[in-house]
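**Q** Structure of the sequence below:
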Amino acid sequence: GCHFGNDLISFILYQYHHQHVTQPLLLKQLQDLGVELSSGRLSQFITDDLDVFHDEKDQLLRTGLSVSQYIHTDDTGARHNGKNGYCTHIGNELFAWFSSTESKSRINFLSCLGQGSSQLYVLNDGALAYMEQQKLPRVLLARLEDITVRIETASALEIWLDQHEIKAKRHRRIITEGALMEGLLPQGIPVNFSIVSDDAGQFNVFDHALCWIHAERIINRLIPLNDAHVKAVDDVRDQLWQLYRDLKAYKLDPSAIQAEDIKFRFQAMCSTKTAYLTLNLALKRMGNNQHELLRVLDKPYLPLHNNLSERDIRDYVKKRKISGSTRSEAGRKCRDTFASLKKT
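**A** Numbers count the residues shown, from 1 in each chain. Predicted coordinates:
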């Protein structure tokens, strides 16, 4: 279909998407090798007629979620066409998947989880339980109590909300989140599916677990004002890392006695009152996150940190620093696709 063979096209895709060679340098390299190729044709090879790769990326998420008990997730900035945007990473030891969007809301994250299959919004008892947890007004909950609805598009859901005179942005957001979560269950995501993150609010869905490395950073960032503060911070960090080492040992050989001991020591650490008020507040915050930080006691297969997602997304950031932002939808789609395939 063109003057150039598959070997050359494969070389171009590999150099640009995998080795992060910029387009001007790649064009110069090809011309030095004796290939008569224009910059426009090179750009077409990089972004056009790559549906076979995009299809593989879509199958990647669907298959990865179907065989996984948990995922890591994180996001980073991703400017597109002169506007700020975000790239969300979803993955674990088996796969990596990237999606660039204009938003990093919880609705966006749930929509990302549903990609690769038709979007589905389901209003049922499970969705109502989520809405109650998010403090949707009881009057509105009572109106929705006996309603069971399956809606297949976002625009149809907006029409349904208008018909039921639900106009407040917060109420519409909570209902959409609950409907999206329940819509993911028929698509193969179990209700006890675990999500490991850095405590960003948009990822707090399903069975949420927190990264211990990010939790410790709150303590590590503190600036002590005197020797008493320094000693208090050092003592707390020693206790925290000892708990971390014990959790690593627990994952290898779980026992109920050890789980109770770790839970007791964690609560004791978080309730410690020191002369350093800021440290006390940080410990209180950590104590409020006990359920998410100690999920590994109930699920020993969960990781204790979110480093895998941090490492995967670093490659995307490196590409962004080298080549800048994307301009076309095809370019943004290709960057997500090849980042997903490369890190997988």
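
**Q** Low-confidence stretches in the protein?
**A** Within the chain, the segments meeting pLDDT under 70 span 1, 116-118.

**Q** Kindly list the longest strand within it.
**A** Ranked by residue count, the top strand of the chain under DSSP state E comes out as strand 70-77.

**Q** just checking, what packs against it?
**A** Secondary-structure packing of strand 70-77 (3 or more C-beta pairs under 8 Å, 6 or more residues apart in numbering; DSSP states H and E): strand 86-91, strand 194-197, helix 307-323. (Each C-beta comes from the backbone N, C-alpha and C, glycine too.)

**Q** residues in contact with that strand?
**A** Under the contact criterion C-beta atoms under 8 Å, 6 or more residues apart in numbering, strand 70-77 has outside partners 64-65, 84-92, 104, 109, 193-198, 200, 202-203, 209, 299, 301-303, 306, 308-310, 312-313, 316-317, 320.

**Q** Roughly how far does the residue lying closest to residue 160 once chain neighbours are set aside sit from residue 119?
**A** Excluding the flanking residues, the one nearest residue 160 by C-beta to C-beta, 6 or more residues apart in numbering is residue 151, at 6.1 Å. Relative to residue 119, residue 151 is positioned 9 Å away (C-beta to C-beta, to the nearest Å).

**Q** Give the burial count for residue 81, as a bare number.
**A** The burial count assigned to residue 81 is 12, neighbours taken as other C-beta atoms under 10 Å.

**Q** Please apply the same query to the one 3 residues further on.
**A** Other residues within reach of residue 84 by the criterion other C-beta under 10 Å amount to 10.

**Q** picking up where we left off before, the residue nearest to residue 160 pairs with what?
**A** When assigned by DSSP bridges, residue 151 has beta-bridge partners residue 121.

**Q** residues contacting it?
**A** The neighbours of residue 151, taking C-beta under 8 Å, 6+ apart as the test, are 120-123, 157, 160, 179.

**Q** The longest strand of the chain: partners in the sheet, and parallel or antiparallel?
**A** Partner strands for strand 70-77, per DSSP bridges, with pairing direction: strand 86-91 (antiparallel), strand 194-197 (parallel).

**Q** To residue 225, which of these lies closest?
**A** Taking C-beta to C-beta, strand 194-197 is the member of those nearest to residue 225, at 32.0 Å.

**Q** picking that back up, separation between the residue nearest to residue 160 and residue 69?
**A** As defined by C-beta to C-beta, residue 151 lies at a distance of 29 Å from residue 69.

**Q** tell me the contacts of the nearest residue to residue 197 once chain neighbours are set aside?
**A** Take residue 197 and drop its neighbours on the chain: the residue closest to it by C-beta to C-beta, 6+ apart is residue 203, 3.8 Å away. Applying C-beta under 8 Å, 6+ apart, we find residue 203 in contact with 73, 106, 109, 195, 197.

**Q** Arrange those in a markdown table, one row each, with neighbour count and distance to residue 236 as further columns.
**A** Formatted as a markdown table, the contacts of residue 203 follow (neighbours: other C-beta atoms under 10 Å; distance: C-beta to C-beta, whole Å):
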| residue | neighbour count | distance to residue 236 |
| --- | --- | --- |
| 73 | 24 | 28 |
| 106 | 21 | 32 |
| 109 | 27 | 32 |
| 195 | 20 | 27 |
| 197 | 24 | 23 |
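
**Q** List of residues touching the strand or helix carrying residue 61?
**A** Per DSSP states H and E, residue 61 falls inside helix 51-66. Residues from elsewhere that reach helix 51-66 (C-beta under 8 Å, 6+ apart): 71, 90-92, 94-95, 97, 113, 115-117, 188-189, 333-334, 336-338, 340-341, 344.

**Q** Going by neighbour count, which of those are buried?
**A** By neighbour count, with 16 or more other C-beta atoms under 10 Å, the contacts of helix 51-66 hold 71, 90-92, 95, 97, 113, 116-117, 189, 333-334, 336-338, 340-341 as buried.

**Q** Alright, that wraps it up for me.
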